[in-house]
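Peer 1: sequence unavailable; structure follows:
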Ligand code: IPT
């Protein structure tokens with residue numbers, strides 16, 4: 001349980017002009033499956049020429065040694081703390097390096113940025129110490145051992161498992177090795193060991209305060225502020241510009257001793273919890289946050305600076321303003337980027353003991369005094385390393401570690417060391433040690449109760465009374481696994497309605513799918529179980545807003561829209577536009593407002609809006625722009641875009657938008673020509689439609705072969721349909737149990753009437769008496785073949801339907817898609833905020849959303865019409881008599897359901913099209929609440945009509 005031996009006291013991580021040497025590169029590497037390999041390699045004379053070579057930093061499992069393994073809560077080893085099995089994969093590392101002559105006589109520090117899970121190191125044959133704490137730095141004094149001008153030999157032994165592993169049960173891949181940089185830092189005489197920048201901002205006077213506490217006398221110079229102060233002095237600066245995530249103003253200074261010069265970035269800001277609210281610079285803030293694990297699909301938790309920047313840039317571009325570093329301190333460069341580009345950070349300690357839950361929390365290190373040093377050590381190493389980042393507004397003690405005295409000790413140490421930041425920890429609902437009330441996955445009703453202050457009381461009245469005075473955040477919500485989550489906008493409404501609810505952090509940023517290749521070389525993203533792990537949690541590791549390749553999932557686009565900092569709407573009663581500012585600090589002067597008028601999705605006019613100053617939290621009213629006359633369904637789209645380039649997006653980047661219907665669509669004109677059914681030796685025909693006379697199914701439309709539409713209620717269950725692992729399969733299991741995935745069809749009769757073909761049928765699952773009575777009425781109106789479907793449920797339906805509509809198949813060549821409706825992306829009843837009304841083009845391939853685990857996806861909603869055509873423009877057009885939901889794919893829902901990875905899906909010889917009257921919502925039941933009642937699709941009498949036309953464009 002002893003966390004480390006021989007390490008230096010934790011301190012700030014900073015840049016400097018003192019010499020340093022990166023030890024990244026190819027190291028000699030020897031892998032053993034278990035403990036017991038000889039320690040002979042630590043001798044400088046040892047010959048490692050026969051060893052393999054492994055890059056540092058990296059994880060050895062991603063270079064063919066051992067294998068990645070994924071578990072969420074369970075420890076993949078027996079729970080007998082602090083012991084671990086002898087099957088303990090071990091990596092021995094060696095490298096030689098030269099140190100410049102100028103280093104002679106200097107102190108030097110060997111710094112490991114992150115080693116999973118423990119290390120023991122020898123320099124030039126001498127043992128220098130050992131350390132645990134995978135995502136925390138470990139530093140050793142090595143000046144006396146270095147041989148400037150000669151060859152130096154560093155030998156390191158790393159074990160996959162250690163006592164520290166009990167503290168690192170985060171929901172992620174178990175990946176080992178030296179995965180962050182290793183560096184040698186020369187420490188000239190009179191250099192700085194550590195310093196702490198204390199800043200404040202007084203929002204009443206506009207004054208900033210600055211004081212530097214340092215390990216050695218030093219001066220701080222900030223030219224922009226004409227400031228030159230000694231350590232220990234407090235400077236007060238009038239009219240500074242404060243730092244916030246919205247305007248991340250940094251002042252650049254230099255901290256200098258006789259021995260070195262250190263660049264310091266100063267952000268003036270004050271964070272307090274006051275009157276039950278979390279405030280930055282005097283204003284309550286609304287956290288639009290996300291949980292971020294460090295992840296790269298090819299390199300695991302070894303993440304390049306470029307990818308870190310991409311993450312922060314993408315977060316900013318999607319209107320996020322906060323990140324929780326779940327569940328360990330990230331590489332410090334990520335925090336530099338948060339300072340620079342503007343994100344509020346909850347910096348979380350490298351601590352999770354979740355697996356003890358499965359043994360009734362017996363032996364939980366959070367409450368066993370023998371582990372106190374190890375836990376406090378982790379907190380110290382995080383706080384000391386990261387204390388100078390203005391972006392960090394809260395410290396978090398860790399995640400899912402139950403409750404106990406060692407958490408209290410961590411909190412106590414932190415309060416003394418840094419009283420300037422509130423503390424967070426969700427795992428102990430008494431909130432005894434923290435300053436904010438935090439929950440994960442609370443449903444909307446509970447959040448509302450907390451917002452109203454009517455939450456369930458704690459059993460201890462004193463603690464309960466205290467908790468009622470705390471601001472509330474959801475440290476995790478909106479589980480972004482697979483398709484979904486649904487319900488973002490309803491959470492956002494609560495955050496905006498109740499001051500106590502200060503927002504939350506979506507779970508999570510990225511799918512941790514590891515890129516792999518099938519034997520034929522097709523790429524796919526692997527999840528738990530794909531590496532033969534005996535104990536694993538499947539695709540629960542793929543629950544991010546971005547895919548493993550860092551492309552945005554529909555959920556990220558949905559979230560961007562829901563949390564947009566500008567609300568654009570119309571007041572129908574006064575005929576005005578309303579522009580609301582939902583920033584906490586800034587006006588809208590950095591934005592330009594454009595409008596476009598579209599009829600049937602075709603642009604008709606466009607212009608620019610002059611928006612006066614709107615203060616945060618306020619709304620202004622503007623007259624509508626002058627619109628030209630038009631006929632046909634028309635929408636006015638108003639966009640707020642960046643007026644100038646920023647560090648995270650170029651000018652013109654869309655921040656927010658609103659759409660206002662300005663003219664309704666016209667109903668289809670009454671048909672001029674009807675047709676009567678014809679029955680002859682060729683079968684049954686009605687206008688352009690050819691039918692099978694026995695089943696009544698459409699076989700062709702003009703020259704187009706079709707497999708005619710039939711009722712369909714099935715969708716390939718989403719992760720949210722399948723529910724949480726402990727839910728026994730969730731709603732999807734109930735659907736299958738009822739047999740909705742294997743409906744049986746019975747044609748009752750096929751009638752030819754004067755101007756119609758009418759098919760009466762019943763569709764139902766085997767083994768039950770519930771069913772759906774259907775009437776398909778086919779008529780002709782001009783060249784359109786119109787299908788009107790009436791569905792009448794029979795019996796008592798115990799579950800909602802997955803979907804309700806029609807499925808048909810068309811020739812594979814009709815792969816070009818155009819539609820007028822909501823788009824461009826996928827949308828379901830409770831995930832449709834980001835979809836705007838317009839005319840869109842795509843291909844069947846591009847309509848698919850590549851969820852890591854294949855499942856229902858790609859639905860386009862509120863479609864007025866859609867056309868599927870071949871490359872010559874020949875094909876099928878579908879007009880809805882009312883709006884419909886539309887999907888098209890090259891495989892059936894059944895094939896989609898059986899696929900385990902996207903690479904399993906191969907095009908069939910047809911395109912399968914679903915035209916739905918409705919879909920069941922998506923919800924967040926994979927972890928969290930299910931579908932809200934208003935998005936349930938109950939079996940009820942339904943009427944639905946579409947018209948088919950063969951087109952040649
Ligand atoms: C919660 C964890 O904090 C998080 O790490 C992740 O595992 C998430 O669940 C699900 O993906 S804990 C859960 C028991 C609510």
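Peer 2: Yep, it's here. The model shown is predicted, which means the values in this text are computed figures rather than measured ones.
Peer 1: ok, now which ones touch whichever residue of the stretch 651-800 of the chain sits closest to the ligand?
Peer 2: Per CB to the nearest ligand atom, residue 724 is where the stretch 651-800 of the chain lies closest to the ligand, at 8.2 Å. All C-beta spots, glycine's among them, are computed from the backbone N, C-alpha and C. Residues in contact with residue 724, defined by CB atoms under 8 Å, 6 or more residues apart in numbering, are 730, 925-927.
Peer 1: that one and residue 484, how far apart?
Peer 2: The gap separating residue 724 from residue 484 is 13 Å, by CB to CB, to the nearest Å.
Peer 1: ditto for residue 632
Peer 2: Here the distance between residue 632 and residue 484 works out to 34 Å (CB to CB).
Peer 1: same check, this time on residue 869
Peer 2: 31 Å.
Peer 1: what's the distance between the residue in the chain that the ligand sits nearest to and residue 536?
Peer 2: Residue nearest to the ligand within the chain: residue 171 (3.1 Å; CB to the nearest ligand atom). Between residue 171 and residue 536 the distance is 12 Å, computed by CB to CB.
Peer 1: any weak-confidence spans in the stretch 351-500 of the chain?
Peer 2: Low-confidence segments of the stretch 351-500 of the chain (pLDDT under 70): none present.
Peer 1: one step back: can you pick the most crowded of the contacts of residue 724?
Peer 2: For those, the largest number of neighbours (other CB atoms under 10 Å) sits with residue 926, at 28 neighbours.
Peer 1: on the three-state scheme, it is what?
Peer 2: Residue 926 carries the three-state label helix when classified by DSSP: H, G, I helix; E, B strand; the rest coil.
Peer 1: next: the one 3 residues further on.
Peer 2: Each residue gets one of three states, and residue 929 gets coil by three-state DSSP.
Peer 1: which residue sits closest to it, ignoring its sequence neighbours?
Peer 2: Ranked by CB to CB, 6 or more residues apart in numbering and with sequence neighbours excluded, the top spatial neighbour of residue 929 is residue 443, at 3.6 Å.
Peer 1: my guess is the one you found meets residue 927, correct?
Peer 2: No. Proximity of residue 443 to residue 927 does not meet the contact threshold set by CB atoms under 8 Å, at 11.7 Å.
Peer 1: how deep is residue 36 tucked in, by neighbour count?
Peer 2: Taking other CB under 10 Å as the definition, residue 36 ends up with a neighbour count of 9.
Peer 1: quick one, phi psi at it?
Peer 2: Residue 36 has phi and psi values of phi 110, psi 0 when expressed as degrees, to the nearest 10.
Peer 1: can you pull the contacts of it?
Peer 2: residue 86.
Peer 1: look up how far residue 81 lies from it.
Peer 2: Using CB to CB, which is the criterion applied here, residue 36 is 22 Å from residue 81.
Peer 1: so where is the stretch 801-950 of the chain shaky, pLDDT-wise?
Peer 2: Within the stretch 801-950 of the chain, no range satisfies pLDDT under 70.
Peer 1: so where do the strands sit in the stretch 501-650 of the chain?
Peer 2: Counting by DSSP state E, counting those that start in this stretch, the stretch 501-650 of the chain has strands at residues 501-506, 514-517, 523-526, 566-571, 576-581, 591-599, 602-609, 619-623, 634-642.
Peer 1: what is the first one packed up against?
Peer 2: So that's strand 501-506. Applying 3 or more CB pairs under 8 Å, 6 or more residues apart in numbering; DSSP states H and E, one finds that strand 501-506 contacts strand 287-291, strand 322-324, helix 444-452, strand 472-477, helix 488-497.
Peer 1: how about the ones you listed in a markdown table, adding mean neighbour count?
Peer 2: Formatted as a markdown table, the helices and strands packed on strand 501-506 follow (neighbours: other CB atoms under 10 Å):
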| stretch | mean neighbour count |
| --- | --- |
| strand 287-291 | 28 |
| strand 322-324 | 27 |
| helix 444-452 | 17 |
| strand 472-477 | 27 |
| helix 488-497 | 18 |
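Peer 1: contact residues of the chain facing the ligand?
Peer 2: 72, 171, 327, 399-400, 440-441, 476, 479, 507, 540, 543, 927 (CB under 6 Å from any ligand atom).
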